[in-house]
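Colleague: Give me the fold of what follows.
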Amino acid sequence: MSVIWGVIHNNGKAMFEKTQQQIMNKLDIYRLDSIKSWYKNNVFLGCGLQYITAESLQEVLPYYDKKSRLAVTADAIIDNREELFELLNVSMNNRNKITDSELILESFKKWGTNCPKYLVGDFAFAIWDEKRNELFCARDHVGTRTFYYYYNNNTFVFCTVIKPIFEILDNKPDLNERWVTDFLALPVVVHESECCETIYSGIYQLPPAYAITINNFEIKKEQYWDPIKEVKPLKLKTDNEYEEAFRKVFFEAVRCRTRTFKDVGVMLSGGMDSGSVACVAAMQLAKKNKILKAFSSIPMLKFKDNSPKFNVANESEYIESISKTYDNIYVNYCRSEEKNSLTNIDFFIDVLEQPHKIIENLFWFDELTKTAANQNCKVLLNGSYGNMTISYGDYIVHTLTLFREKKLVKLWVEINEFSKIFKVRKYRVIKAIAKAIVPYNLRKFIGKRKYRNYDCFDMVPANINLLDKWNVKERLKKKGYFLYPDIFYDIKEMRRYMLNPTIFTQIGAIETKISLAHGIVMRDPTRDKRVIEFCLSIPYDQFVRNGRERYLIYRSMKGILPDKIRLNSLLRGLQSADWIQRLQPEWRDIYNQLEYMLSDESIENYIDVDKLKKELVSIGEKLEEEKSTSIRMLLVSLIMSHFIKDYNNREK
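Modeller: A predicted model of the protein is given here:
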């Protein structure tokens with residue numbers, strides 16, 4: 001993969017020579033194997049390559065094709081190479097030699113600005129068309145790779161990461177106050193409400209499945225993939241046919257992501273998603289006499305397990321069931337001893353280029369990535385999107401859909417079967433379904449007295465003045481946040497939510513930047529375009545039936561995924577169950593840091609200082625699980641304060 005960048009500027013060559021080294025200096029925190037640039041007249045393109053696949057060793061980027069007068073720079077791994085070979089009439093002799101960027105360029109020659117529709121994989125690229133005096137850029141269907149840009153009347157700048165863009169600007173960009181306010185107001189780990197903006201005013205990101213064309217500094221942005229509108233229903237005769245069709249798509253999604261000249265790793269938990277990815281990858285690698293290195297996070301040695309009844313804090317016994325089934329899987333357990341939510345706080349701000357809220361997970365996520373890279377892995381698989389695709393299945397969504405479609409006989413069957421499987425009385429099942437069936441506005445009216453004094457921002461650290469200034473409550477309600485009582489979705493509504501571009505952009509930004517820092521690439525087969533389209537195309541009763549959720553993967557992975565995992569319908573893994581206990585040994589120091597933060601004038605414009613002071617006093621010296629929401633609010637504010645300090649100290 002790569003860090004790519006480019007500039008179109010009226011001032012041309014003089015500007016490029018001045019900024020080329022400055023841009024490259026901003027890349028020193030990333031592990032890049034090769035850095036090259038190209039410029040001609042008023043166009044400057046660059047690429048910092050990471051060698052991942054065998055073909056990437058042959059890449060020359062940026063590349064200028066004299067015959068077509070096209071120049072390309074690309075951050076890409078193309079997964080449907082064989083399909084493109086046929087469509088582009090690539091000769092058999094050249095198929096092992098042609099690079100992914102060359103396939104992108106050939107696709108552009110054949111299909112023009114429609115070319116992203118024909119590409120499958122993780123990519124962001126830019127093509128300069130010298131004949132048209134036009135720049136064309138595109139980001140992959142699910143935003144796996146990042147693409148940031150800035151423009152004005154005489155300059156257009158883009159880059160995989162944000163900081164090199166600063167070098168082109170005359171002044172340090174202002175913070176996007178609305179973005180910061182939303183960040184502090186949004187629930188739990190959600191960072192942003194808009195997929196086009198960033199924390200910096202005037203610096204934007206290209207949304208997933210979008211392309212952008214720049215001609216004479218006029219910008220045209222266009223969506224090239226909308227699966228909700230485009231995917232047609234797949235109607236097969238039997239369940240077996242659906243299972244076979246699923247395995248064909250999913251196995252290919254895994255296979256193409258194991259393409260590397262070094263080792264393959266996988267982030268492995270005890271759940272269905274990463275477990276299915278690992279099992280399929282192990283089967284395919286075994287055919288080539290290759291191993292799969294698994295990396296699994298488990299609690300620290302001193303962890304005292306007081307997890308809820310149906311949660312599993314240490315999933316090692318489930319992970320072991322996979323390694324015993326496939327003898328080419330080597331498991332590395334990572335306890336991240338003496339690390340916690342604030343470890344390397346400034347490193348993560350530097351790498352991610354913004355504050356973050358994934359405080360429970362980021363330290364071990366980074367540790368696994370770093371360990372995999374140090375063990376010669378160039379590809380690190382995961383199944384992070386699996387809940388939305390391969391293992392999707394929500395009983396309430398399913399039963400609400402049946403009710404709205406007036407399929408009452410099937411609804412009664414589902415009530416009976418769920419009651420039998422989970423040994424729950426029918427009236428309790430009916431009560432849960434009835435709550436979802438009652439129209440939202442009616443439930444809201446009935447619960448008006450109950451929720452009369454409810455403050456949706458009670459446990460939000462954002463300054464109340466900013467919340468009012470940016471009309472956060474009403475804006476975010478329109479996006480489905482802070483709705484009380486809860487809102488329930490049928491399958492059509494849920495599918496729209498599953499394809500929310502802000503989810504894609506947040507995952508893509510974290511994975512792109514962490515992997516760039518360690519010289520590895522994270523790849524998720526459960527987020528494959530073809531897998532998403534397949535899951536959208538099949539009847540919803542393939543995901544839930546006879547009271548059983550995750551019905552498709554439960555059937556399809558029989559004999560592949562160990563039954564200890566496949567048949568588990570009661571227990572759920574609890575990631576980072578020890579995150580609060582990890583903080584306790586350093587709590588006195590953290591407490592002092594929090595007190596100092598709350599006396600810092602530079603942060604009080606953004607956070608509610610009085611509220612946080614009260615929460616800090618209420619927590620006291622001993623951390624309790626019951627105070628997790630307050631602890632999280634304070635730590636997110638501390639991370640934000642570090643970012644603000646870094647921003648204020650930055651030159652220019």
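Colleague: where along the stretch 301-450 of the chain do the strands fall?
Modeller: Assigned by DSSP state E, counting those that start in this stretch, the strands in the stretch 301-450 of the chain fall at 311-312, 329-334, 377-381.
Colleague: per the record, what domains does this structure have?
Modeller: Domains of the chain are assigned by automatic domain parsing as 2-162+203-225, 229-391+500-574, 395-497, 580-649.
Colleague: Check the contact between L368 and S297; I expect there is one.
Modeller: Yes: contact criterion C-beta atoms under 8 Å: L368 and S297 qualify, at 6.2 Å. Bear in mind the C-beta positions are built from the backbone N, C-alpha and C, glycine included.
Colleague: what is in contact with these two at once?
Modeller: Residues touching both L368 and S297 (C-beta atoms under 8 Å, 6 or more residues apart in numbering): C334.
Colleague: Which residues outside stretch 198-210 are in contact with it?
Modeller: 116, 124, 137-143, 146-150, 162, 165, 173-176, 179-180, 183, 195-197, 212, 221-226, 353-355, 501, 504-505, 508.
Colleague: Mind checking which of those residues are buried?
Modeller: Using 16 or more other C-beta atoms under 10 Å as the burial test, the contacts of stretch 198-210 include 116, 124, 137-143, 146-150, 162, 165, 173, 175-176, 179-180, 183, 195, 197, 212, 224-225, 353-355, 501, 504-505, 508 as buried.
Colleague: Might you report the residue contacts of N306?
Modeller: By C-beta under 8 Å, 6+ apart, the contact set of N306 is E625.
Colleague: and the gap between it and T369?
Modeller: Applying C-beta to C-beta, to the nearest Å, the value for N306 to T369 is 29 Å.
Colleague: same thing with R496?
Modeller: Relative to T369, and taking C-beta to C-beta, R496 is found at 31 Å.
Colleague: So if I had to pick from the two, which one is more boxed in?
Modeller: T369 (24 against 10; other C-beta atoms under 10 Å).
Colleague: what's the nearest residue to that one if we skip its chain neighbours?
Modeller: Excluding its sequence neighbours, the residue lying closest to T369 (C-beta to C-beta, 6 or more residues apart in numbering) is H518, at 5.1 Å.
Colleague: does the one you found really touch C377, like I thought?
Modeller: No: using C-beta under 8 Å, H518 is not in contact with C377, being 9.7 Å away.
Colleague: ok, the two, which is more surrounded?
Modeller: C377 (24 against 21).
Colleague: Before we move on, what's the pLDDT of the more buried one?
Modeller: In this prediction, C377 carries a pLDDT score of 98.
Colleague: same question, L27
Modeller: Model confidence at L27, given as pLDDT, is 88.
Colleague: List the residues that contact it.
Modeller: 3, 35, 48, 161, 164.
Colleague: try 10 Å this time
Modeller: 3, 5, 35, 46, 48, 159-161, 163-164, 516 (C-beta atoms under 10 Å, 6 or more residues apart in numbering).
Colleague: which among those residues gets closest to E315?
Modeller: L516 (28.4 Å; C-beta to C-beta).
Colleague: so how far is K290 from the closest one?
Modeller: Taking C-beta to C-beta, one finds L516 at 25 Å from K290.
Colleague: ok, these two, which is more surrounded?
Modeller: The neighbour comparison of L516 against K290 (other C-beta under 10 Å) goes to L516, with 25 against 15.
Colleague: Any chance of the backbone angles for that one?
Modeller: The phi/psi pair for L516 (degrees, to the nearest 10) reads phi -60, psi -40.
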